[in-house]
Each structure stands twice: as structure tokens, then as C-alpha cells.
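Enquirer: Pasting the sequence and the predicted coordinates here, then a few questions.
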Amino acid sequence: MRRLVIALLGGLLVVTGLAGGAAIAGTDATAAPDTTVASGDDTSGEGTTPAADLAPVDVLQVTGLFDRIVIASIDDAIDSAVRDGSQALILQVNSGGSIASPEEMTALIRRVADSPVPIGIWVGPSGSARLYGQPAQLMGVADVTAMVSGSRIGHTGVLVELEGGAVVDFGNAADRLRSGSLSFQDARTLGALKLDTPDVGVPTIRNMVAAMDGVEVDGVVLDTVTEGVNDEGGVELQATLVRFSKLGLVDQLMHTVASVPVAYLLLLIGLALLLFEFFTAGVGIAGVVGAACTFLAGFGLAELPARGWAVALLVLAMLAFAVDVQVGIPRFWTGVGIVLVTAGSLVLYEPLPGTGMGIGWLTLLVGIGGTALTFIVGMPSMTRTRFATPTIGREWMIGETGVAVGDVSPDGVVTVANARWRARTNRATPIAAGDTVRVVAIDGVTLEVEPESGGARDYRERRGPGAESGTTSGADSGAGTPVGAES
């Protein structure tokens with residue numbers, strides 16, 4: 001029992017840690033060492049300004065679906081940039097869409113359009129980066145926009161209408177972006193980007209900062225790069241200080257929970273632990289962890305476009321598993337539970353524009369496979385171990401007769417004293433379903449049985465040839481006393 005709890009808890013921590021690391025790694029300032037900005041003295045010549053004297057540029061890295069936490073973090077980043085005297089705020093974005101309400105996204109687009117500090121949006125950091133759905137409309141109101149070569153933007157839907165004269169503008173690319181996507185080259189050709197860059201795009205955040213140098217926004221010219229002297233005495237371009245911001249610990253946790261794989265796995269783990277705790281007839285660590293996982297899963301599923309009836313299938317699957325767990329043997333209802341878990345897992349989320357929202361095959365393997373293993377092997381074993389009668393005090397069963405539920409050859413299930421037990425017989429004397437069996441020994445929670453008549457006649461024989469009449473011949477007395485004789 002303890003091992004099962006530790007295994008489930010360990011799996012939760014590993015899965016959540018891996019998924020959380022993937023979701024929030026982009027928010028760590030130390031994750032982009034190539035953006036380190038050199039600061040130099042004013043030794044590069046007359047008319048230059050040391051990089052340390054330039055106003056800094058803030059960078060907020062946004063990874064994953066736009067939710068209320070991400071929207072709040074962008075609002076806070078804008079406020080911080082204004083308060084701390086930053087000359088620009090860059091949003092490094094890689095998102096497949098939004099799970100926030102249209103009203104919340106419209107308010108965010110309006111906030112970016114009306115921001116007192118210039119805002120740049122960079123789709124990166126790799127060629128696999130995407131900016132789809134309503135969040136892509138942010139590029140239509142940002143002051144500077146750029147992309148990594150290989151990245152794509154699109155599936156904007158109908159462009160929102162903003163008050164105060166601001167317009168979401170994509171130039172000639174608006175129609176194609178509404179229901180499709182564009183690569184960097186196409187977006188640049190159609191005028192969807194607000195930064196004149198070469199064909200290779202903007203490969204790093206450092207290049208983005210450098211490319212913004214000299215850009216005029218509302219009458220203000222950005223000054224992000226100056227000339228300096230390197231260690232060898234040569235002249236080099238030095239960028240201003242770049243300050244990275246990140247989500248707080250709680251926000252990181254909740255943003256990670258509201259991701260497709262984590263919410264799904266948390267739900268399965270939480271329900272399984274709660275069911276486990278129910279059959280242990282007490283409240284312990286499994287119940288506490290299960291309740292926490294279920295709560296976090298509920299938060300994540302409420303944020304995500306989860307189908308309510310698919311969630312109901314997963315809950316019904318646990319109820320089906322419970323029917324067989326209480327008898328300690330996987331049977332028909334275990335199969336029903338596996339079918340329901342598989343069906344609910346495959347259709348759990350509704351797709352977003354441009355994003356399938358399907359659960360990855362590796363996550364499905366962990367979820368479905370782990371659940372099946374738990375309820376075929378782990379939970380039945382726990383139930384039998386915890387609630388079965390101990391071996392001591394069960395000697396009265398030796399000699400009792402019962403009926404084989406299925407074929408016992410050499411392992412199977414029998415009914416003895418109106419209860420089902422795992423059973424084992426000698427390979428030389430298999431027992432057919434429905435035959436009467438007699439208990440000859442007990443091995444842990446497994447009954448060793450043989451046919452009521454005609455038991456094994458080999459080295460494992462436990463009964464003498466006269467066992468039918470309750471006597472043992474002298475020749476066979478060395479094999480042991482008769483087992484199962486009527487007392």
C-alpha cells in the first residue's frame with residue numbers, strides 16, 4: 001500500500017516537474033545567455049554614449065496558451081516598464097492560442113495599443129514558435145513586430161474593433177491571417193511585420209533589441225545600441241541593459257496546471273488516489289495528495305476548453321474500476337473502466353483555431369497505461385492484502401470445498417465459503433470451470449487446491465491414495481497426512 005502511494009506521488013512530481021519546466025522555462029532570465037548585454041565605458045569616441053547610460057529594455061517571455069495569468073503578467077510588465085523608466089517592453093511569445101475569454105483578450109489588445117511605453121513582439125525563440133488565435137492580433141497593435149525564420153503567425157479570426165481610434169492593422173495580410181497562417185517570409189512580404197529585417201529574420205532576443213535601435217514610436221526614437229570598445233581594443237556594438245521578468249511561483253504553478261497534459265494527468269492521479277484512500281478506510285497522505293491533485297486538475301480543466309461529458313467519462317471509469325477493486329480481482333468492470341478512460345482521454349479537449357489541443361501520445365501512454373496498470377495489478381493487490389483474512393487463523397479453510405470460477409491451470413479463481421480467492425493447482429491436475437475443488441494449503445493470499453477426487457500423483461502430491469476415504473496407506477504415509485478429510 002505504501003509503495004503504491006509513493007509510486008503515484010513520485011509519478012505526479014516527475015510529470016508535473018517535466019511539464020512545468022517545459023511551460024515556464026522561458027520565463028527564467030538565466031535561460032537566454034546569448035542575450036547578455038555588454039556594458040562599456042565611454043571610450044569609443046566622441047558623440048557616443050556608454051551602453052550603461054542607455055535606458056534599459058524589459059523582456060517578458062510568454063510560453064503556452066494565453067490565460068488570465070498570462071494576461072495579468074503582461075499588464076504588470078507594462079506597469080513595471082513605465083514605473084522603472086524602460087524605453088521599451090519586448091514580449092517574447094510562443095503560443096498556440098488563448099483560453100481566456102474574448103472580452104479579456106480584447107482588453108489586453110487595447111492595453112497594448114494604448115501602452116505609454118513602446119511594445120515590441122518577437123515570435124521566438126526557435127523556428128518552431130507559433131502565435132495563433134486572438135493573441136496574434138497583438139502584432140497588429142504593437143509598435144515593433146518581428147519573427148524568427150521558420151516561425152508562423154495566424155488564425156486571428158475576425159479582427160477586434162478598438163475604441164479611441166486604434167486599429168488592429170496587418171496590411172495586405174489581414175485576409176490570409178484570419179483563417180490561415182503565414183511564415184516569416186510571407187508576413188514580411190505582405191507587410192504584416194513592423195520591422196525592416198533581412199531574410200533570415202530576427203534569430204535572438206539580442207538581435208531584436210539591436211533591430212529596434214533608431215525606430216521612432218510616437219515621436220520618440222529608441223536608442224538601444226551604442227558603440228563601445230571590446231577587450232582587444234576594437235570597436236563593437238553594445239546593447240543596452242535587458243531586464244527579464246518572470247511569473248511568480250504561484251502564478252507559474254497555476255499557469256502550468258492550466259496546460260493540456262498536466263491537467264489531464266492530475267485528474268487521473270487525483271481520482272485514483274482518492275479511490276485508493278477510500279478502500280484503505282482511513283485518511284492519510286494518499287487522500288491529501290489526491291484531493292490536491294483533483295483541485296488543481298479542476299482549476300486547469302476550467303481554464304482549458306475541456307468537454308464536460310469527456311470529464312464525466314473519466315469519472316465514470318473510476319466508478320467502474322471501484323466495482324472490481326472491492327473484490328480484489330480485475331473482471332468485466334475493469335475492462336469497462338479502461339474503455340471509458342481511453343475514450344475520455346482521446347476527446348477531452350476541444351480544438352482551438354490553428355491548434356488541435358490533442359493530448360500527445362506519450363502523455364496518453366502514461367495516463368491510460370498507468371491507470372490500467374494501477375487497477376489491474378496495484379489496487380486489487382492492495383485490497384486483497386489489506387482486507388483478506390490473515391494466513392494465521394485461516395487454517396479452517398484447509399479441507400474445505402469450493403467451485404472453480406474459471407479454469408485453474410495452474411492459476412485461476414475459485415469460490416470458497418462464498419468468497420472469491422486466487423487459486424493454484426498442480427499442472428498435472430488442471431481444474432475446469434465449474435468443477436468442485438478442495439483446499440489443500442494456503443500460500444499467502446493464494447489457495448492451493450486440487451480436484452475433489454483424483455488429485456496429483458507425483459512428487460507434489462499432498463494426499464495419499466486413501467484420501468477419498470480419509471485414510472492413508474503405510475506406503476504413502478511419508479507423503480504426509482490426509483488433507484481435507486471430514487473431521
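Expert: Perfect, thanks for sending it.
Enquirer: State whether residue 146 is indeed within a helix.
Expert: No: if the criterion is DSSP: H, G, I helix; E, B strand; the rest coil, then residue 146 is strand and not within a helix.
Enquirer: what's across from it in the sheet?
Expert: Beta-bridge partners for residue 146, by DSSP bridges, are residue 122.
Enquirer: quick one: contacts for it?
Expert: Residue 146 makes contact with 120, 121, 122, 123, 193, 195, 197, 201, 202, 208, 211 under the criterion C-beta atoms under 8 Å, 6 or more residues apart in numbering. Using the backbone N, CA and C atoms, a C-beta is placed for each residue, glycine as well.
Enquirer: how far away is it from residue 209?
Expert: 11 Å (C-beta to C-beta, to the nearest Å).
Enquirer: Pretty sure residue 414 sits against residue 400.
Expert: No: applying C-beta atoms under 8 Å as the test, residue 414 and residue 400 come out as separate, 10.4 Å apart.
Enquirer: higher neighbour count, those two?
Expert: Remark: of residue 414 and residue 400, residue 414 carries more neighbours, 25 against 14, as counted by other C-beta atoms under 10 Å.
Enquirer: Could you look up the SS state of residue 227?
Expert: Under three-state DSSP, residue 227 falls in the strand class.
Enquirer: What is the burial count for it?
Expert: Other residues near residue 227 come to 18 when the count uses other C-beta under 10 Å.
Enquirer: Next: the one 5 residues further on.
Expert: The number of residues packed around residue 232, counting by other C-beta under 10 Å, is 6.
Enquirer: do residue 246 as well
Expert: Using other C-beta under 10 Å, residue 246 has 16 other residues around it.
Enquirer: Show the pLDDT at residue 467.
Expert: Predicted confidence (pLDDT) at residue 467: the value is 43.
Enquirer: and if you look at residue 389?
Expert: At residue 389 the predicted local confidence, pLDDT, stands at 48.
Enquirer: Then residue 199?
Expert: Residue-level confidence at residue 199 comes out at 69, pLDDT.
Enquirer: cool, residue 267 as well?
Expert: At residue 267, the model reports a pLDDT of 96.
Enquirer: Spatially, which residue comes closest to it, not counting chain neighbours?
Expert: Once flanking residues are discounted, residue 267 sits nearest to residue 297: 3.8 Å by C-beta to C-beta, 6 or more residues apart in numbering.
Enquirer: Quick one: neighbours of the one you found, just the number.
Expert: Residue 297: 24 neighbours (other C-beta under 10 Å).
Enquirer: So it versus residue 271, what's the distance?
Expert: Using C-beta to C-beta, one obtains 8 Å as the distance from residue 297 to residue 271.
Enquirer: Ok, residue 376 next?
Expert: 16 Å.
Enquirer: the more surrounded of the two?
Expert: Relative neighbour count places residue 271 above the other of residue 376 and residue 271, with 22 against 17, counting by other C-beta under 10 Å.
Enquirer: how distant is the helix or strand containing the more buried one from the center of its chain?
Expert: Element membership of residue 271 [criterion: DSSP states H and E] is helix 260-279. Distance of helix 260-279 from the chain centroid (C-alpha atoms, centre = their mean, to the nearest Å) equals 12 Å.
Enquirer: Alpha carbons of it, in CSV - could you do that?
Expert: The C-alpha coordinates for helix 260-279 follow below in CSV (Å, rounded to 0.1, in the frame of the first residue of the first chain):
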residue,chain,number,x,y,z
VAL,A,260,-3.2,20.2,-21.7
PRO,A,261,-1.1,17.3,-20.5
VAL,A,262,-0.8,18.4,-16.8
ALA,A,263,-4.5,19.0,-16.2
TYR,A,264,-5.3,15.6,-17.7
LEU,A,265,-2.7,13.7,-15.7
LEU,A,266,-3.5,15.5,-12.5
LEU,A,267,-7.2,14.4,-12.9
LEU,A,268,-6.3,10.8,-13.3
ILE,A,269,-3.8,10.7,-10.5
GLY,A,270,-6.1,12.6,-8.2
LEU,A,271,-9.1,10.4,-8.8
ALA,A,272,-7.0,7.2,-8.5
LEU,A,273,-5.5,8.4,-5.1
LEU,A,274,-9.0,9.3,-3.8
LEU,A,275,-10.3,5.9,-4.7
PHE,A,276,-7.2,4.3,-3.1
GLU,A,277,-7.8,6.2,0.1
PHE,A,278,-11.5,5.1,0.1
PHE,A,279,-10.5,1.5,0.2
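Enquirer: Flag every buried residue along it.
Expert: Residues 260-277, 279 are the ones in helix 260-279 that count as buried (16 or more other C-beta atoms under 10 Å).
Enquirer: now stretch 123-143
Expert: 123-125, 129-143.
Enquirer: Just the ones in helices from those residues, please.
Expert: Using DSSP state H, the subset of the buried residues of stretch 123-143 located in helices is empty.
Enquirer: Next SSE downstream of the lowest-mean-pLDDT helix or strand in the chain?
Expert: Confidence across the helices and strands of the chain bottoms out at helix 2-24, with a mean of 42, counting by mean pLDDT, DSSP states H and E. Next in sequence after helix 2-24, counting helices and strands by DSSP H and E, comes strand 57-63.
Enquirer: which outside residues touch that following strand?
Expert: Under the criterion C-beta under 8 Å, 6+ apart, residues 23-27, 31, 35, 70, 73-74, 77, 80-81, 84, 86-95, 205, 209, 212, 224, 240-246 lie in contact with strand 57-63.
Enquirer: just to revisit the earlier point, show me what whichever strand or helix holds the residue nearest to residue 267 is packed against.
Expert: Using DSSP H and E, residue 297 sits in helix 285-303. Counting by 3 or more C-beta pairs under 8 Å, 6 or more residues apart in numbering; DSSP states H and E, the packing neighbours recorded for helix 285-303 are helix 2-24, helix 249-257, helix 260-279.
Enquirer: mind redoing it with 10 Å?
Expert: helix 2-24, helix 249-257, helix 260-279, helix 308-325 (3 or more C-beta pairs under 10 Å, 6 or more residues apart in numbering; DSSP states H and E).
Enquirer: what's the overlap in contacts for residue 297 and residue 271?
Expert: Residues touching both residue 297 and residue 271 comprise residue 314, with contact defined as C-beta atoms under 10 Å, 6 or more residues apart in numbering.
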